Structure formats: C-alpha cells, structure tokens
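Asks: here's a sequence, model it:
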Amino acid sequence: MTQLIQNNKTDFIESLIGQLDLKQLNDIDSVIETIKERTIFIYGAGGFGREMYNLMSKYGIKPLAFLDKAARENERLFDIPVYCADDQHIDNTIKREAVVLLSIATKTYIIQSIKKFIENCGFSNIVDSQSIRAQLVYPDDCDDKIIGPDYFLDNKDKINRIANIWSDKESLALYKSNLIAHITRDYDSYMENSRENQYFPQNIMMNKGYKRFVDCGGYVGDTLEELVRTHDDNEAIASFEPDSINYAKLSNFADKLKSRTRQIILFPCAVSNKAETLTFCEGIGSGQISSSGDSFAKCVSLDDSIMGFSPTFIKMDVEGAELNALEGAKNVIYKSRPDLAICVYHNINHLWDIPSLLDSWNIDYHFYLRSYSSCTMETVLYATCN
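Replies: I've put the predicted structure just below:
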C-alpha cells in the first residue's frame, strides 16, 4: 500500500491537535442554546426534517412551520403548517429574524444552491441541520458525551497507524478533515470530497465490480436503483433491511428488478456478528439497533446467511453496527475478497477502528476514503484488492 506519511515516527495526531484552536469546543447543548429562543423553521418535510422536528421537541422547541417546495395548500405536519419558502403568508420581519434548519441530506454543492434559494425568499439565518446531527455522533468505545482532545490522544496509536494506510492523498486529506471536525466539534467548514454517486466511485478502481452485490442496510432500494441504472451486468443481489416499513418498500422495488437481475434475495433482518434478536428503534428514515428500541429485529451474520453467494461487492450502511457486521462477514470476505464500501461516520472511532479491523486481516486491501455530504456525514471507506 502507498504510504503517504513517510516518517512513521511522526506523531500525526499530536501534531494535528497542536495546530488547532481548542479554546471553545461545541456540543449539542451549546448548539441548541444558540437557537432555542429564536423562531424556527425546518426546511424539508421528509425524513430528515421530521427527525429534526423530533430533536427540537426533545429540547422543548416547537418550530413555527415546515418549509418545502412541494408544500400543498393547507398542509400540516405534526400539527404545524407546511409552507413554500416564498409563501406570502410569512411576515418579512419573521423571515429576517428566524432560523431556518435546512434539513435535506445531500451533497454540499446542492445544499448551497438550496440555501441561496431560501435566502432569496427573504430568510437571513440558515443552518445546515447536518451540523446539528453531527453533534450527536459519539464514539461507541466510551460513555463520555463530551469528547475532547484527550480522547483522540488516548487512541493515538490507532489513529497514527491508519494515517499511513491510505492509497491516495485525497483519502488522507479527508481523514485529516474528519479528525479536525470531530476534535473541535466544529462542522461548518467541513467539505465532502466527492460529487460522484455514493458507493459507485469512478476515480477508484474497484477490482471485483458489482455483479454479485450485497446491500447491508437496503433501506427502500435507493442503492439498488443506482446499481441497476449504472450497471447492466448484475447477476445476483442480496439485500438486508430490518425496518418493516422500509422492507415493504424495498420488496416492492425489488419486484420491479426481476427482469434485470437473475437472482434477488431479500432478508428482513439486520446484519451483525451472530444470529440473535435485539431491540430495535424503527426510525423516521433508517432504523437502528438500540437498547432503547421499542420493537425487535432479527439479526444474522453474512457468514451464516449468504454461504455460496460469492459476493463481488459488499456495501454496509447499518447505522453504527458496521464493526459487528464486519466481524460476522470475516469468512465471506476472506474467501471471496469482495470490494467493500463501509460507512464510517456513525461513530467517531469507526473512522480508524473499521479500517484497522480490515487491515488486521491481512487480505492486502487498498483503502480509500470518500465523503458525500456535509459535516462528516456519508463518509465511506472503500477497500479493494487485486
């Protein structure tokens, strides 16, 4: 693998922290404090917008209205109105003083164009909701909810080693950018590094390809839709989705793919390191395994569920369960050497723990990092071997 930091004796993380201004670190409470006395609008009445409404409610904040381009006349959501951003019913003084939480998960350059549209409608204060969501990203290897530089120094051996595994400068730069954002808890200056379609990079040579595709976190079929749109040589698809509402939509979409793919297997399950039943929180968008969940989900490992499938590509976006899911796929990965696309943004330590796990298996993977949204969201680790 290409080593981009030639001097292994250099303490990468100590040097990085030494360059940062750490006088004031953000957290979710300090962010909420800056907006709680303001009039709040939420731009986007989809899953992300509803997620932000629920978060605001937890802090005793009731938004005045949703804003959405597709708003219908007299539409209401959570018992508050849904307006178009240029609706004449909204007083101009309120527009100038209010805070708009821009709650659409997409690429930064698209966010910027939406922000410009909202400003042209008369609103002055616009916050990317991803910067609030990012404040809720913590490590899963400690219980502290306020993470400072000491946490990163405690993990410096892992962080420094992973700084040397990236196969291109773009990946190293993004690794550094993610670390800076998480150390400072300041996500406003973070920029993603790819305008390509997530999971289908064109500037990384994925050596095995997409013919036999495993989709862990199938959601409603959005990744499969992009797969069949861009690749017409699909032999087999296996998709896992534990959320019952999402699974029904995934199943309906997969039914439309039968003529374009020889084999489609759907599992109404989560992926983990073993077969078990865990508490599950069905979300407005994506659900997740959670001790506070109000329902249950069957979990299976890839090693026990796709024997003989011989995947060429495995994608994982499983809301923070990626480490367990990979441990449960070790035999499949050893045997088939598939290309991998693993999300590493749900927990801070996954940024180094996931590539560290894969690298420890000595499969001769080449590692790349790409990001597809603002504020460290949608950061994906790619791994491919000859």
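
Asks: quick check: bridge partners of the residue nearest to Met205 when sequence neighbours are not counted?
Replies: Distances taken as Cβ to Cβ, 6 or more residues apart in numbering place Thr384 nearest to Met205, at 6.9 Å, with adjacent residues excluded. Every residue, glycine included, has its C-beta placed from N, CA and C. Using DSSP bridges, the bridge partners assigned to Thr384 are His366.

Asks: ditto for Phe41
Replies: Beta-bridge partners of Phe41, as defined by DSSP bridges: Ala65, Val100.

Asks: which SS class is Ile342?
Replies: strand (DSSP: H, G, I helix; E, B strand; the rest coil).

Asks: what's the burial count for it?
Replies: 23 (other Cβ atoms under 10 Å).

Asks: distance of it relative to Leu257?
Replies: Here the criterion is Cβ to Cβ, to the nearest Å. By it, Ile342 lies 24 Å from Leu257.

Asks: output the below-cut-off pLDDT ranges for the stretch 201-350 of the chain.
Replies: 280, 282-294 (pLDDT under 70).

Asks: and the strands in it?
Replies: With strands called from DSSP state E, counting those that start in this stretch, the stretch 201-350 of the chain shows them at 212-216, 236-240, 263-267, 270-271, 276-281, 288-289, 295-300, 313-316, 339-343.

Asks: and among these, the most buried is which?
Replies: The highest average neighbour count among the strands of the stretch 201-350 of the chain, using mean count of other Cβ atoms under 10 Å, belongs to strand 270-271 at a mean of 28.

Asks: chain center to that strand: distance?
Replies: How far strand 270-271 lies from its chain's middle: 17 Å, per Cα atoms, centre = their mean, to the nearest Å.

Asks: ok, and what's touching it?
Replies: Residues outside strand 270-271 that contact it (Cβ atoms under 8 Å, 6 or more residues apart in numbering): 216, 240, 242, 278, 280, 289, 297-302, 316, 318, 321, 325, 328-329.

Asks: packing partners of the longest helix seen in the chain?
Replies: Longest helix of the chain, by residue count under DSSP state H: helix 169-184. Packing partners of helix 169-184 (3 or more Cβ pairs under 8 Å, 6 or more residues apart in numbering; DSSP states H and E): helix 12-18, helix 149-154, helix 350-360, strand 366-371.

Asks: mind checking the ones you listed for the one nearest to Asn207?
Replies: strand 366-371 (8.8 Å; Cβ to Cβ).

Asks: and Asp140, that's in a strand?
Replies: No. Assignment of Asp140 by three-state DSSP gives coil, placing it outside any strand.

Asks: need the contact list for it.
Replies: 320, 323, 347, 349-350.

Asks: just to revisit the earlier point, Phe78 is nearest to which of the strands of the stretch 201-350 of the chain?
Replies: strand 276-281 (18.7 Å).
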